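J.: Structure of the sequence below:
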Amino acid sequence: MKVAGLGFRKDVTLASLREALLAAGGPAGLAAVATVSDKADTESLKQLARECGVPIRPIPAETLAGIDTLTQSELVAEKFGTGSVAEAAALAAAGPRARLIATRVISRDRTATAAIAEGDGA
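T.: Take a look at the predicted model:
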């Protein structure tokens, strides 16, 4: 199961989410997109999920806090307890033995990040 994790600012656009996802490897073969639970209802994320034909997997913030990530953002670490929401969400949604196949990439406007993980499913 291949999952794209997405981290983003509240005012993110569909274009920024799409750009980050494409930079991480694109939507081909994705089973889901994942993000922190409190942002799972963001309209631009729902549009991206529809465009990709996949469900959104909301991940509780407390689950993200326990996940080590390859990349680190001090701001994200302070707020969420993990170095990358995108990487942590992808790993959590892809299952317990998941591995990153694309580390966090950032959209040019810096409002969206994406990472892709592959695993056996949760």
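
J.: roughly how far is stretch 113-122 from the heart of the chain?
T.: Put simply, stretch 113-122 sits 8 Å off its chain's centre (CA atoms, centre = their mean, to the nearest Å).

J.: er, stretch 71-83 I mean
T.: On CA atoms, centre = their mean, the centre of stretch 71-83 falls 14 Å from the chain's centre.

J.: can you give me the end-to-end distance of that stretch?
T.: One end of stretch 71-83 sits 6 Å from the other (CA to CA, to the nearest Å).

J.: pLDDT of it, averaged?
T.: Computed over stretch 71-83, the mean pLDDT rounds to 81.

J.: Tell me the buried residues in it?
T.: Residues 71, 73, 76, 80, 82-83 are the ones in stretch 71-83 that count as buried (16 or more other CB atoms under 10 Å). C-beta here means a position set from N, CA and C on the backbone, and glycine is covered the same way.

J.: Would you point out the helix or strand in the protein whose mean pLDDT is lowest?
T.: The helix or strand of the chain with the lowest confidence, counting by mean pLDDT, DSSP states H and E, is helix 74-80 at a mean of 81.
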